[in-house]
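Asks: following is a predicted model, sequence given first.
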Amino acid sequence: MKRRLDNRLYYFTVEDESLLAEAFPSFEDETYAIAYKVQGTDDVFITTADTKDAMDQHDVPFNCLAEEEGVRISLYHTPLSREELNDYEDALKALALAHRAIGLICVGVNGSAKVDLSEGAKKYTYFTAPAGHTFLWRLVFNRDEARDYVERYLPGDAHAREWASTLPLASSEELVGYH
């Protein structure tokens, strides 16, 4: 899979969601086609530049609403998630944006995570790698929340502390609007 330098993510709508299910299987094998419905919406999706390009090439009718720069969304990997998901970072960032999050922290794989669900399961999501592992991710909605989470659950990890303190966005309020 080729790495893109222009890793924009796109908010879009379609008249009929079934068009996506029909079109995606017809895309070239090297295209990892993915689109997520944005939480709290009835008809807004987020996708990667590769998927948008494939939709354009296959004349899938959609209405592009807005673009988000992928570099504004940050991922904190474990060694295994970095190894297996390096080529799928744009898809992970689209997953974060589907939840209107500014970052993701990998917290486990294949059910090995010990998570505190007292703050709610809605702060977590998952992504299954083509290699077969399912990774659990903690959604991050603002920099303070990221710092608090890292301090509480990754207390000795200086790299995690630096990551949390240098998130490109301070909060999800800075994400691009799509209406």
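Replies: Yep, it's here.
Asks: all contacts plus neighbour counts: C-alpha atoms, from now on.
Replies: Will do.
Asks: and the most far-flung residue of the chain relative to its centre, backbone torsions?
Replies: Computed with C-alpha atoms, centre = their mean, the residue of the chain farthest from its C-alpha average is residue 156, at 26.0 Å. With angles defined as degrees, to the nearest 10, residue 156 sits at phi -100, psi 10.
Asks: repeat for residue 103
Replies: Backbone torsions for residue 103, taken as degrees, to the nearest 10, come to phi -170, psi 170.
Asks: ditto for residue 74
Replies: phi -120, psi 140.
Asks: excluding sequence neighbours, find me the nearest residue to it.
Replies: residue 103 (4.6 Å; C-alpha to C-alpha, 6 or more residues apart in numbering).
Asks: pLDDT value on the one you found, please?
Replies: Looking at residue 103, its pLDDT is 98.
Asks: list the beta-bridge partners for it.
Replies: Using DSSP bridges, the bridge partners assigned to residue 103 are residue 74, residue 140.
Asks: list the contacts of it.
Replies: Residue 103 is in contact with 73, 74, 75, 76, 93, 96, 139, 140, 141, 167, counting by C-alpha atoms under 8 Å, 6 or more residues apart in numbering.
Asks: now it: how far from residue 14?
Replies: In this view, residue 103 and residue 14 are 26 Å apart by C-alpha to C-alpha, to the nearest Å.
Asks: identify the residues contacting residue 36.
Replies: Contact partners of residue 36, counting by C-alpha under 8 Å, 6+ apart, are 45, 46, 47, 94, 95, 98.
Asks: mind showing which ranges of this protein have poor pLDDT?
Replies: 1-6 (pLDDT under 70).
Asks: quick one, domains of it?
Replies: Domain ranges of the chain: 8-70, 72-174, per automatic domain parsing.
Asks: show me which positions of stretch 74-82 end up buried.
Replies: The neighbour-count check on stretch 74-82 (16 or more other C-alpha atoms under 10 Å) flags 74, 75, 76, 77, 81 as buried.
Asks: rebuild those as CSV, extending it with distance to residue 66.
Replies: Formatted as CSV, these follow (distance: C-alpha to C-alpha, whole Å):
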residue, distance to residue 66
74, 19
75, 22
76, 25
77, 27
81, 29
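Asks: how many neighbours does residue 163 have?
Replies: For residue 163, the count of nearby residues is 19 (other C-alpha atoms under 10 Å).
Asks: got a list of what the residue nearest to it when sequence neighbours are not counted touches?
Replies: Nearest residue to residue 163 in three dimensions, chain neighbours excluded: residue 76, at 7.2 Å (C-alpha to C-alpha, 6+ apart). Shown in contact with residue 76 (C-alpha under 8 Å, 6+ apart): 103, 104, 105, 106, 160, 163.
Asks: using CSV, lay out those residues together with distance to residue 37.
Replies: Converted to CSV, those look like this (distance: C-alpha to C-alpha, whole Å):
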residue, distance to residue 37
103, 17
104, 17
105, 21
106, 21
160, 29
163, 27
